[in-house]
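Q: Quick one, what's the 3D model for this:
(2 chains)
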Amino acid sequence: MIRFVNVSKQYSNHTRALQNINLEIPAGSFTFLVGPSGSGKSTLIKLLYREELATEGEIWVLDKNIENLSKHDVPILRQQTGVVFQDFKLLTQKSVWENVAFALEILGVSKQEQTKRIQGVLELTNILHLKDFYPRQLSGGEQQRVSVARAIVNKPPVLLADEPTGNLDPNTSWEIMKLLSKIGKTGTTVIVSTHNYSMVDRMKRRTIKLEGGKIVADIPEGAWTHGS
Amino acid sequence: MAAEGRTFHQINYALGQGIQNMVRSPFMSLIVISTMMIALSTLGFLLLLLSDLNHVSEELSTQLKIVVFLEDQQDINKLASDVEAIPGVKPPVKKITREEAFESMTREQPELKELLKDNPFPASLEVAVNSTADMAKVGTEIRQKPGVEEVQFNPELAEQLQQVQNGVQLVGSIIAGILILATLAIVVNTIQLAVHQRHKEIEIMRLVGAPQWFIRLPFLLEGLIFGIFSSILASLLLVLWRLVPYSQLQRWFAFLPLPDSLMPLVSIGALLLGTGVLMGLLGSTVSVHRYLKLEYK
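A: Presented below is the predicted three-dimensional model:
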């Protein structure tokens, strides 16, 4: 379970990105974060993998207040939270297989185990046939699948996606959303930030709406309609 | 899998990444190695110059001798062994008997043989000292020995030579110190370029939860290899200098006792290797640290 308790975030340039956020996200659930640019979606996600520290409040992830994590424990948190970005963040000099393997190499997983797991996630993300390709040889949608595969290959309990379809056309976006939803059904807690409302409309999942750093709506699963 | 096995696997992978990085960006590796090589060989040349100058001035100072003229009928052997016992004297003391003195003078000027009926030349000793700084003290002490007629030496020249030697050492150490700092700055900045080229990789490593040592290790290995390669190349440059243009210099300046041996190169080479490795490791540590400090909050 993920819990925000009175969380505020103010950047050093006095921008108040988040104000007094209180939020509970149950384990194994799928949640959308929506809102216009600058509403605080990205900041909220960054707080969850300790890319940023909150100015005030507590953030509980996997039974730990991650605001109190030592520098040495930050990598451990990140091994348990897969992150997917708008710009994919793939290593251009590595093949699809190597990019995914990278997340396992840092954990010291044996080659045999790696092969088994990578094969599994590449099948799940439907890119096994692209395993020897390099990122520049792939379409945006394919690259995002690689990035998702890397994020989930070590079976993290939490998967965060920050505008994962921001660079993709509608059809590809839909494919990626279906993929994330499929991962959510395996028990992973999935949080997706997006301003792609048509996606949100179609999926009808729990949706948290941010504006000016505040939660202005928290719509339960099935209840979202455009304009809520 | 056992924890040790896992760690071994991680180290292995991180080191492999270091090698792969260098091979995949040969241009950057070339820039770093050649910059470090130039900086290290400049340092090497300075050290070699200092060592050579030291050798020359030491050689020159042993050529400065105290000449001791004996009173008539003195036992030259006894006085010679007395003088050898004085601290600071570099044995053996060279003995020139009256006959030898006559012999050498008349060889130089044969007409003297006819002019002179007796042998007017006194017996003498030529005394070398260990350090030119001791010359005045040793000279005074010899003068007080019984049977000594006269002592000749040039304390000013000895002193000047000593001053030059001290000056060279002082200026040399200052320049060497500045050079080491400058080299370090250059190396850190050059390696920073190599690190910056891979900042995206560092970012991704952080995001997928790589521990800090895992991120640092490939860069440390690279720094180590950069240091080893560049110092070996710099040392080779010094050897090459010593083998070709230097021999020519020796012929031109034959009147100077320039050292022949390649020996100083061994210690200078070892010093460059040590400096290079240290700088490589320090350079990559500082460069990666700058990134990690910014990134991990």
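
Q: Could you use CA atoms for every contact and neighbour count after this?
A: Noted.

Q: Give me the three-state assignment for B:Pro91.
A: strand (DSSP: H, G, I helix; E, B strand; the rest coil).

Q: B:Arg143 and B:Leu43, how far apart?
A: Counting by CA to CA, to the nearest Å, the gap from B:Arg143 to B:Leu43 is 46 Å.

Q: any idea which helix or strand comes after the worst-scoring helix or strand of chain A on mean pLDDT?
A: Lowest on mean pLDDT, DSSP states H and E among the helices and strands of chain A sits helix A:197-203, with a mean of 87. Sequence-wise, the next helix or strand downstream of helix A:197-203 (DSSP states H and E) is strand A:206-211.

Q: Secondary structure element for B:Glu99, which one?
A: helix B:98-108.

Q: just A:Val192 next, same as before
A: A:Val192 belongs to strand A:189-193, assigned by DSSP H and E.

Q: now what about that strand, what contacts it?
A: A:26-34, A:41-42, A:45, A:157-164, A:180-181, A:183-184 (CA atoms under 8 Å, 6 or more residues apart in numbering or on different chains).

Q: Now with 7 Å, please.
A: Under the contact criterion CA atoms under 7 Å, 6 or more residues apart in numbering or on different chains, strand A:189-193 has outside partners A:27-34, A:41, A:157-163, A:184.

Q: In strands, which of these appear?
A: A:Phe30, A:Thr31, A:Phe32, A:Leu33, A:Val34, A:Val158, A:Leu159, A:Leu160, A:Ala161, A:Asp162 (DSSP state E).

Q: thinking again about what came up before, B:Arg143 and B:Leu43: which has the busier surroundings?
A: B:Leu43 (24 against 16; other CA atoms under 10 Å in any protein chain shown).

Q: ok, the more buried one - contacts?
A: With contact taken as CA under 7 Å, 6+ apart, B:Leu43 is in contact with B:Ala176, B:Leu179.

Q: What distance do you get for B:Ile31 to chain A?
A: 20 Å (CA to the nearest CA, to the nearest Å).

Q: and that residue, helix, strand or coil?
A: helix.

Q: Same question for the one 3 residues further on.
A: The local conformation at B:Ser34, judged by three-state DSSP, is helix.

Q: Residues of the stretch 1-150 of chain B that sit close to chain A?
A: Counting by CA under 7 Å from any CA of the partner chain, the stretch 1-150 of chain B comes close to chain A at B:Arg6, B:Thr7, B:His9, B:Gln10, B:Tyr13.

Q: now the residue lying closest to the third one once chain neighbours are set aside, what's its secondary structure?
A: Closest residue in space to B:His9, ignoring its immediate chain neighbours: A:Gly108 at 5.3 Å, by CA to CA, 6 or more residues apart in numbering or on different chains. Classification of A:Gly108 into helix, strand or coil gives coil, according to three-state DSSP.

Q: So A:Gly108 sits against B:Ile11, correct?
A: No - judged on CA atoms under 7 Å, A:Gly108 makes no contact with B:Ile11 at a distance of 8.5 Å.

Q: In terms of neighbours, single out the busier of these two.
A: Shown here are A:Gly108 and B:Ile11; by other CA under 10 Å, A:Gly108 has more neighbours (22 against 19).

Q: OK, contacts around the more buried one?
A: Here A:Gly108 is in contact with B:Arg6, B:Thr7, B:His9, B:Gln10 (criterion: CA under 7 Å, 6+ apart).

Q: can you tell me which residues contact the residue nearest to A:Arg16 when sequence neighbours are not counted?
A: Nearest residue to A:Arg16, sequence neighbours excluded (CA to CA, 6+ apart): A:Gln10, at 4.4 Å. Residues in contact with A:Gln10 (CA under 7 Å, 6+ apart) are A:Arg16, A:Ala17, A:Leu18, A:Thr55.

Q: Name the residues linked to the third one by a beta bridge.
A: Using DSSP bridges, the beta-bridge partners of A:Leu18 come out as A:Lys9.

Q: so what pLDDT did the residue positioned nearest the centre of chain B get?
A: The centre of chain B sits closest to B:Ser51, judged by CA atoms, centre = their mean, with a distance of 3.9 Å. Listed pLDDT for B:Ser51 reads 82.

Q: just the strands in chain B please.
A: Here chain B has its strands, by DSSP E, at B:65-70, B:89-96, B:124-129, B:148-152.

Q: where does the nearest residue to B:Pro122 once chain neighbours are set aside sit relative to B:Leu46, distance-wise?
A: Nearest non-adjacent residue to B:Pro122, counting by CA to CA, 6+ apart: B:Arg98, 5.3 Å away. As for B:Arg98, its distance to B:Leu46 is 48 Å (criterion: CA to CA).

Q: same thing with A:Ala17?
A: Distance from A:Ala17 to B:Leu46, by CA to CA: 58 Å.

Q: could you give the angle of the helix holding B:Glu99 to strand B:65-70?
A: Angle of helix B:98-108 versus strand B:65-70, following axes from the mean of the first three to the mean of the last three CA atoms, to 10 degrees, is 120 degrees.

Q: Can you list the buried residues in helix B:98-108?
A: If you call a residue buried by 16 or more other CA atoms under 10 Å in any protein chain shown, then helix B:98-108 has these buried ones: B:Arg98, B:Ala101, B:Phe102, B:Glu103.

Q: between those, which is nearest chain A?
A: The closest of these to chain A turns out to be B:Ala101 (CA to the nearest CA; 84.5 Å).

Q: contacting residues for the nearest residue to that closest one once chain neighbours are set aside?
A: Using CA to CA, 6+ apart and skipping the chain neighbours, the partner closest in space to B:Ala101 is B:Phe121 (6.2 Å). Listed by CA under 7 Å, 6+ apart, the contact partners of B:Phe121 are B:Arg98, B:Ala101, B:Phe102.

Q: ok, now B:Val129?
A: B:Thr62, B:Gly88, B:Val89, B:Lys90, B:Met135.

Q: B:Ala133 is in contact with the second one, correct?
A: No - counting by CA under 7 Å, B:Gly88 does not reach B:Ala133; the two are 9.5 Å apart.

Q: which one is the residue in the stretch 151-297 of chain B that chain A sits nearest to nearest to, not counting chain neighbours?
A: Closest to chain A within the stretch 151-297 of chain B is B:Gly209: 4.0 Å, counting by CA to the nearest CA. Nearest residue to B:Gly209 in three dimensions, chain neighbours excluded: A:Pro75, at 4.0 Å (CA to CA, 6+ apart).
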